[in-house]
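**Q** need a structure here:
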Amino acid sequence: MDHALRSANADQSAPHGPSNALTIAFAIACGAMVANLYYAQPMIGLIAPDIGMSTAAAGLIVTLTQLGYGAGLLLIVPMADLFENRKLVLVTLAGTIAGLIAIALSTGEESFLIASFITGFFAVGAQVLVPFAAHLAPEQTRGRMIGNVMGGLLAGIMLARPLASITAAHFGWRAIFWLSAVVMAALGLLLARALPRRKPQPGAHYGQILLSMLRLLATTPVLRRRAAYQALMFAAFNLFWTAVPLMLMRDFGYSQKGVALFALAGAGGALAAPFAGRLADRGLTRIATGVAILVVILSFLAAGWAGAAGLVVVLALCAITLDAAVQTNQVLGQRLVYALPGEVRGRINAIYMTIMFLLGSCGSAVAAAVFQHGGWRLTVLIGVGTGLMLLALFVTELTSRHHG
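**A** Numbers count the residues shown, from 1 in each chain. As a prediction, this is how the structure comes out:
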């Protein structure tokens, strides 16, 4: 792999884009970095008592990491349009390592939460890598490149929870953070050699970069539309994956390991990302978007029936189709917004991901309360309702002159 990486490094503007080895490196790095956001989620019950946190406050264990990520999206990702990208990625990796080590060493509530924020803040290096990869790919294969890299990123999201659960069961909750710190260090050494240098055009200052994001949002209809699509999709995704472990444990008697194995099924949906990129390259974005929206609605309907009927295998298939639809729409949207001028691609990605993350996180924020008050049935009804809202928004595209 090393020879192929170096050859890609030598000619970042090759007509066929980066080598397969460099593409794999991008995908692995994105998946490993974003996984840091999700390791703590299935271990809240283990972490909270160990650091002296009350049950009522245990939700902060995940929330602080997500708040850090949101801050990083706004403050770090736009720097990709200002600073040399390879160096920026390596700085975020170093910050992530520091945060992970601090989590593993933390002995109290305050130190853990501060370290969690730092880890989330620097984990946005993954969102520097995605547009970086898009920049290296020629226009005709950009969708494929984005799809391959996003496949790795989304696999990291889905594999993080079961990996953390299994590791904690054998070695304690701190082990996964030590392990991830080692992985981040190894990735830093690999990417330091593999990544080509990309220095954006000089001109704007950091403050101007941040202010220009508002103008980009106001003047770019395709960005607003695709961000809205993915925000609703991500809300549905979070609603499902926050509520389904509660349902499996309450209604089916699943243990922590059982939930981890179920989560592995959902990781299969990441396989859709590379295919979505190919569809986008063939000009089938609008059709594929419509199909993805319908699949979300049908997946929730089928999941409601499977939960009531006690059919866990069918429920797992619904998880796969839901994840595939969400990931397909993500790649389709990024393929469109990354077609915008390359000198603003970092800011475009920051806007897109911030809208998706902040609005989409509403799904996980309400899921536990919804399940507690209305069970799986109400959860499914809200998921279907979210899909119908998305469908109604998509219908307006058919009469819009802005393709998205």
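**Q** Can you give me the pLDDT of residue 74?
**A** Per-residue pLDDT puts residue 74 at 86.
**Q** Helix or strand: which one has it?
**A** Secondary structure from DSSP states H and E places residue 74 in helix 60-75.
**Q** Run through the neighbouring helices and strands of that helix.
**A** helix 44-50, helix 109-122, helix 345-397 (3 or more Cβ pairs under 8 Å, 6 or more residues apart in numbering; DSSP states H and E). For the C-beta atoms, the positions are set from N, CA and C on the backbone; glycine is no exception.
**Q** Redo the ones you listed as a markdown table? Include mean neighbour count and mean pLDDT.
**A** Output for those, formatted as a markdown table (neighbours: other Cβ atoms under 10 Å; pLDDT from 0 to 100):
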| stretch | mean neighbour count | mean pLDDT |
| --- | --- | --- |
| helix 44-50 | 16 | 81 |
| helix 109-122 | 22 | 93 |
| helix 345-397 | 19 | 87 |
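**Q** Can you tell me what sits against stretch 162-176?
**A** Applying Cβ atoms under 8 Å, 6 or more residues apart in numbering, the contact partners of stretch 162-176 are 35, 38-43, 46-47, 50, 103-104, 179, 256-257, 259-261, 263-264, 267.
**Q** Just the ones in helices from the residues you listed, please.
**A** The members of these that map onto helices under DSSP state H are 46-47, 50, 103-104, 179, 256-257, 259-261, 263-264.
**Q** May I ask which of the residues you listed comes out lowest in pLDDT?
**A** Minimum pLDDT across these falls on residue 256, with 69.
**Q** returning to that earlier point: residue 351: which of the ones in helices among the contacts of stretch 162-176 is nearest?
**A** Comparing those against residue 351 with Cβ to Cβ places residue 103 closest, at 29.1 Å.
**Q** do you know how far the closest one is from residue 85?
**A** When distance is defined by Cβ to Cβ, to the nearest Å, residue 103 is 27 Å away from residue 85.
**Q** who's more crowded, these two?
**A** Applying other Cβ atoms under 10 Å to residue 103 and residue 85 shows that residue 103 carries more neighbours, namely 30 against 24.
**Q** wait, isn't that one in contact with residue 119?
**A** Yes. Between residue 103 and residue 119 there is a contact under Cβ atoms under 8 Å: 6.3 Å.
**Q** any chance of the ones in helices among the contacts of stretch 162-176 in CSV, with distance to residue 343 too?
**A** Listed next are the ones in helices among the contacts of stretch 162-176 as CSV, based on distance: Cβ to Cβ, whole Å:
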residue, distance to residue 343
46, 46
47, 43
50, 47
103, 36
104, 39
179, 38
256, 47
257, 48
259, 45
260, 43
261, 46
263, 39
264, 41
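**Q** Closest to residue 326 out of those residues?
**A** Lowest distance from residue 326 to the ones in helices among the contacts of stretch 162-176 (Cβ to Cβ) belongs to residue 263, with 14.9 Å.
**Q** still on that earlier bit, make a ChimeraX selection of the buried ones in the contacts of stretch 162-176.
**A** To isolate the buried subset of the contacts of stretch 162-176 in ChimeraX, counting by 16 or more other Cβ atoms under 10 Å, use the following:
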select :35,38,39,40,41,42,43,46,47,103,104,179,256,259,260,263,264,267
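**Q** mind showing which ranges of the stretch 101-250 of the chain have poor pLDDT?
**A** 201-204 (pLDDT under 70).
**Q** If we use 80, what do you get?
**A** 134-135, 137-144, 146-148, 150-151, 154, 158, 199-206, 242 (pLDDT under 80).
**Q** circling back to that earlier point, got the CA coordinates for the helix holding residue 74 in PDB?
**A** Presented in PDB, the C-alpha positions along helix 60-75 are these (Å, rounded to 0.1, in the frame of the first residue of the first chain):
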ATOM      1  CA  LEU A  60     -24.200  14.500  29.300                       C
ATOM      2  CA  ILE A  61     -21.600  11.700  28.600                       C
ATOM      3  CA  VAL A  62     -22.800  11.600  25.000                       C
ATOM      4  CA  THR A  63     -24.100  15.200  24.800                       C
ATOM      5  CA  LEU A  64     -20.700  16.900  25.500                       C
ATOM      6  CA  THR A  65     -19.000  14.900  22.800                       C
ATOM      7  CA  GLN A  66     -21.700  15.900  20.300                       C
ATOM      8  CA  LEU A  67     -21.500  19.500  21.400                       C
ATOM      9  CA  GLY A  68     -17.800  19.400  20.800                       C
ATOM     10  CA  TYR A  69     -18.300  18.000  17.400                       C
ATOM     11  CA  GLY A  70     -20.900  20.700  16.500                       C
ATOM     12  CA  ALA A  71     -18.400  23.400  17.600                       C
ATOM     13  CA  GLY A  72     -15.700  21.800  15.500                       C
ATOM     14  CA  LEU A  73     -17.900  21.700  12.500                       C
ATOM     15  CA  LEU A  74     -18.400  25.500  12.700                       C
ATOM     16  CA  LEU A  75     -14.900  26.500  13.800                       C
END
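**Q** List the contacts of that helix.
**A** Residues from elsewhere that reach helix 60-75 (Cβ under 8 Å, 6+ apart): 36-37, 40-41, 44, 47-48, 53, 92, 112-114, 116-124, 127, 210, 350, 353-354, 357-358, 361.
**Q** got the angle between the helix or strand hosting residue 306 and helix 345-397?
**A** Assigned by DSSP H and E, residue 306 belongs to helix 285-309. Angle of helix 285-309 versus helix 345-397, following axes from the mean of the first three to the mean of the last three Cα atoms, to 10 degrees, is 80 degrees.
**Q** And the next helix or strand along the chain from helix 285-309, what does it pack against?
**A** Downstream of helix 285-309, the first helix or strand assigned by DSSP H and E is helix 312-337. Judged by 3+ Cβ pairs under 8 Å, 6+ apart, the packing partners of helix 312-337 are helix 142-171, helix 221-251, helix 256-266, helix 272-281, helix 285-309, helix 345-397.
**Q** Distance to residue 320 for the ones you listed - can I get that in a markdown table?
**A** Output for the helices and strands packed on helix 312-337, formatted as a markdown table (distance: least, Cβ to Cβ, whole Å):
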| stretch | distance to residue 320 |
| --- | --- |
| helix 142-171 | 10 |
| helix 221-251 | 12 |
| helix 256-266 | 6 |
| helix 272-281 | 9 |
| helix 285-309 | 9 |
| helix 345-397 | 15 |
